[in-house]
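Colleague: Test case, fold it:
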Amino acid sequence: QVQLLESGGGWVQPGGSLTLSCTVSGRAFSGLAMGWFRQAPGKEREFVAAITNSAVFTDYATSVKGRFIISRNNAANTGYLQMNNLKPMDTAVYYCATAELIGRRSDEYDHWGQGTQVTVSS
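Modeller: Alright, predicted model coming up:
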(Lines give C-alpha, C1' and ligand atoms only; values in the text may rest on other atoms or scores of the structure.)
Protein backbone atom coordinates (compact mmCIF):
# COMPACT_ATOMS: atom_id res chain seq x y z
CA GLN A 1 0.00 0.00 0.00
CA VAL A 2 1.42 3.34 -1.05
CA GLN A 3 1.39 5.99 1.65
CA LEU A 4 2.12 9.69 1.25
CA LEU A 5 3.05 12.06 4.06
CA GLU A 6 3.09 15.80 3.45
CA SER A 7 4.80 18.48 5.48
CA GLY A 8 5.83 22.11 5.21
CA GLY A 9 2.54 23.97 5.22
CA GLY A 10 1.86 27.00 7.37
CA TRP A 11 1.18 30.70 7.36
CA VAL A 12 3.12 33.17 5.26
CA GLN A 13 2.73 36.81 4.27
CA PRO A 14 2.03 37.75 0.64
CA GLY A 15 5.24 37.64 -1.35
CA GLY A 16 6.74 35.00 0.92
CA SER A 17 7.83 31.46 0.18
CA LEU A 18 7.12 27.96 1.45
CA THR A 19 8.34 24.54 0.40
CA LEU A 20 6.09 21.52 0.75
CA SER A 21 7.47 18.00 0.99
CA CYS A 22 5.80 14.68 0.26
CA THR A 23 7.47 11.45 1.37
CA VAL A 24 6.26 8.25 -0.28
CA SER A 25 6.47 4.75 1.15
CA GLY A 26 5.19 1.32 0.17
CA ARG A 27 6.36 1.34 -3.42
CA ALA A 28 9.37 2.42 -5.44
CA PHE A 29 8.92 6.16 -5.76
CA SER A 30 11.11 6.26 -8.85
CA GLY A 31 8.42 4.43 -10.80
CA LEU A 32 5.65 6.92 -10.07
CA ALA A 33 4.65 10.31 -11.38
CA MET A 34 3.77 12.88 -8.73
CA GLY A 35 1.25 15.68 -8.72
CA TRP A 36 0.27 18.48 -6.39
CA PHE A 37 -3.32 19.68 -6.10
CA ARG A 38 -5.02 22.22 -3.87
CA GLN A 39 -8.49 22.89 -2.56
CA ALA A 40 -9.67 26.21 -1.20
CA PRO A 41 -12.78 26.52 0.99
CA GLY A 42 -15.92 26.23 -1.08
CA LYS A 43 -14.01 25.34 -4.25
CA GLU A 44 -13.21 22.16 -6.11
CA ARG A 45 -9.82 20.54 -5.93
CA GLU A 46 -7.57 21.90 -8.67
CA PHE A 47 -4.35 20.88 -10.35
CA VAL A 48 -1.21 22.76 -9.36
CA ALA A 49 1.82 20.92 -10.77
CA ALA A 50 3.08 17.49 -11.78
CA ILE A 51 6.37 15.77 -12.55
CA THR A 52 7.25 12.54 -14.33
CA ASN A 53 8.98 9.72 -12.50
CA SER A 54 12.38 10.66 -13.91
CA ALA A 55 11.80 14.41 -13.51
CA VAL A 56 12.39 14.94 -17.20
CA PHE A 57 9.03 16.62 -17.69
CA THR A 58 7.08 19.01 -15.47
CA ASP A 59 3.69 20.65 -15.89
CA TYR A 60 2.16 23.65 -14.12
CA ALA A 61 -1.20 25.31 -13.84
CA THR A 62 -1.22 28.73 -15.45
CA SER A 63 -1.95 30.38 -12.10
CA VAL A 64 1.33 29.15 -10.56
CA LYS A 65 3.67 28.97 -13.54
CA GLY A 66 6.77 31.05 -12.92
CA ARG A 67 6.17 31.11 -9.15
CA PHE A 68 6.09 27.42 -8.13
CA ILE A 69 8.71 24.75 -8.80
CA ILE A 70 8.04 21.03 -8.55
CA SER A 71 10.95 18.66 -8.02
CA ARG A 72 11.78 15.25 -6.60
CA ASN A 73 14.56 13.25 -5.02
CA ASN A 74 13.99 9.60 -5.88
CA ALA A 75 16.78 8.42 -3.59
CA ALA A 76 14.95 10.04 -0.67
CA ASN A 77 11.48 8.97 -1.85
CA THR A 78 10.40 12.58 -1.57
CA GLY A 79 8.79 15.15 -3.83
CA TYR A 80 8.76 18.90 -3.31
CA LEU A 81 6.72 21.94 -4.22
CA GLN A 82 8.63 25.18 -3.81
CA MET A 83 6.19 28.08 -3.71
CA ASN A 84 7.49 31.61 -4.24
CA ASN A 85 5.82 35.01 -4.39
CA LEU A 86 2.79 33.58 -2.65
CA LYS A 87 -0.53 35.37 -2.97
CA PRO A 88 -3.71 35.25 -0.87
CA MET A 89 -5.33 33.34 -3.76
CA ASP A 90 -2.86 30.50 -3.07
CA THR A 91 -4.49 29.84 0.32
CA ALA A 92 -5.72 26.24 0.28
CA VAL A 93 -5.14 22.73 1.53
CA TYR A 94 -2.39 21.25 -0.64
CA TYR A 95 -2.33 17.55 -1.50
CA CYS A 96 0.35 15.44 -3.11
CA ALA A 97 -0.60 12.37 -5.12
CA THR A 98 1.04 9.63 -7.15
CA ALA A 99 0.10 8.00 -10.43
CA GLU A 100 1.48 5.67 -13.05
CA LEU A 101 1.61 8.52 -15.55
CA ILE A 102 1.68 12.30 -15.27
CA GLY A 103 -1.66 14.05 -15.64
CA ARG A 104 -3.77 17.03 -14.66
CA ARG A 105 -6.96 15.29 -13.54
CA SER A 106 -7.35 14.16 -9.95
CA ASP A 107 -8.95 10.89 -11.08
CA GLU A 108 -5.69 9.97 -12.80
CA TYR A 109 -3.98 9.71 -9.41
CA ASP A 110 -4.22 6.59 -7.28
CA HIS A 111 -2.85 7.57 -3.90
CA TRP A 112 -3.12 10.78 -1.94
CA GLY A 113 -1.60 12.43 1.07
CA GLN A 114 -3.65 13.82 3.94
CA GLY A 115 -3.18 17.43 2.90
CA THR A 116 -1.36 20.36 4.45
CA GLN A 117 -2.78 23.84 5.00
CA VAL A 118 -1.15 26.85 3.37
CA THR A 119 -2.42 30.27 4.42
CA VAL A 120 -1.24 33.47 2.75
CA SER A 121 -2.33 36.64 4.49
CA SER A 122 -1.02 39.82 6.00
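
Colleague: did I read that right, V118 in a helix?
Modeller: No: assessed by DSSP: H, G, I helix; E, B strand; the rest coil, V118 does not belong to a helix; its assignment is strand.

Colleague: Can you give me the neighbour number for it?
Modeller: By other C-beta atoms under 10 Å, the residues close to V118 number 22. In short, each C-beta sits where N, CA and C put it, glycine included.

Colleague: roughly how far apart are it and H111?
Modeller: Using C-beta to C-beta, to the nearest Å, V118 is found at 21 Å from H111.

Colleague: likewise R104?
Modeller: For R104 relative to H111 (C-beta to C-beta), the value is 17 Å.

Colleague: Go ahead and confirm S30 touches N53.
Modeller: Yes: taking contacts as C-beta atoms under 8 Å, S30 lies within contact range of N53: 5.9 Å.

Colleague: which residues do the two both contact?
Modeller: N74 (C-beta atoms under 8 Å, 6 or more residues apart in numbering).

Colleague: Just want the most central residue of this protein.
Modeller: W36 (2.6 Å; C-alpha atoms, centre = their mean).

Colleague: what's the helix or strand for that one?
Modeller: Using DSSP states H and E, W36 sits within strand 33-39.

Colleague: what lines up beside that strand in the sheet?
Modeller: strand 46-51 (antiparallel), strand 92-99 (antiparallel) (DSSP bridges).

Colleague: Would you mind pulling the contact partners of the first one?
Modeller: Read it as strand 46-51. Taking contacts as C-beta under 8 Å, 6+ apart, the residues outside strand 46-51 that touch it are 33-39, 57-61, 64, 68, 70-72, 79, 81, 94, 102-106.
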